[in-house]
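# Sequence and computational prediction follow.
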Amino acid sequence: MVRGKVEMKRIENASSRQVSFSKRRNGMLKKAYELSVLCDAEVALIIFSPKGRLYEFSSSNMQKSIQKYLESRRNRNTGIEVEEHMQQLKNEAELMSKKIELLENSHRKLLGHNLGDCSMEELQETENKLEKTINTIRSRK
């Protein structure tokens, strides 16, 4: 005999809901126990009933399991933050290297190097920069 598929929605009848909660809670606790025994896994399960009653299972100490979980979460978040920060620094370094390259090219042009591969507009721009710089120096003197 095949079971029918259960639709995942809230059970409206209160007594049916309570019966279903009890059966499924017991099933979850049993599965947690089986997982811990068969796979030698550290398992901690916490269930609160609709009325707020606590049900728990732990293959070892519950407090130690919770501490281990919190520490793992903290380390995972720290790892993600470090990764994001490293990516941001890499992007920033890439932008800076591009700016440095542009400034070095501009500096070479101002010194008169590598002018053979410049367009007329670039040469005019370089000449204007040099004239402005000369005028600034003369006005200071």
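The structure has been received and is ready for your questions.
# Which positions in stretch 44-61 come out as buried?
Using 16 or more other C-beta atoms under 10 Å as the test for burial, stretch 44-61 gives 44-45, 57-59. C-beta coordinates here come from the backbone N, C-alpha and C atoms, glycine included.
# I'd like the residues you listed as TSV, with distance to residue 23 and secondary structure appended.
Shown next, in TSV, are the buried residues of stretch 44-61 (distance: C-beta to C-beta, whole Å; DSSP: H, G, I helix; E, B strand; the rest coil):
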residue	distance to residue 23	secondary structure
44	22	strand
45	16	strand
57	16	strand
58	22	strand
59	22	coil
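# how about JSON lines for those, with pLDDT and distance to residue 34 added?
Below are these laid out as JSON lines (pLDDT from 0 to 100; distance: C-beta to C-beta, whole Å):
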{"residue": "44", "pLDDT": "95", "distance to residue 34": "15"}
{"residue": "45", "pLDDT": "95", "distance to residue 34": "12"}
{"residue": "57", "pLDDT": "95", "distance to residue 34": "11"}
{"residue": "58", "pLDDT": "95", "distance to residue 34": "14"}
{"residue": "59", "pLDDT": "93", "distance to residue 34": "11"}
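# out of the residues you listed, which one sits closest to residue 126?
residue 44 (70.5 Å; C-beta to C-beta).
# which residues does that closest one contact?
Going by C-beta atoms under 8 Å, 6 or more residues apart in numbering, residue 44 touches 56-60, 62, 65-66, 69.
# With residue 129 instead?
For residue 129, the contact set (C-beta under 8 Å, 6+ apart) comprises residue 110.
# mind checking which helix or strand it is in?
Secondary-structure assignment from DSSP states H and E places residue 129 in helix 120-140.
# ok now that helix, how far from the chain's centre?
Remark: helix 120-140 is offset 48 Å from the chain centroid, using C-alpha atoms, centre = their mean, to the nearest Å.
# Then stretch 64-73?
Worked out by C-alpha atoms, centre = their mean, stretch 64-73 lies 20 Å from the chain centre.
# what about the most centrally placed residue in the chain, which SS state?
Against the mean C-alpha coordinate of the chain, by C-alpha atoms, centre = their mean, the closest residue is residue 80 at 4.5 Å. What DSSP: H, G, I helix; E, B strand; the rest coil gives for residue 80 is helix.
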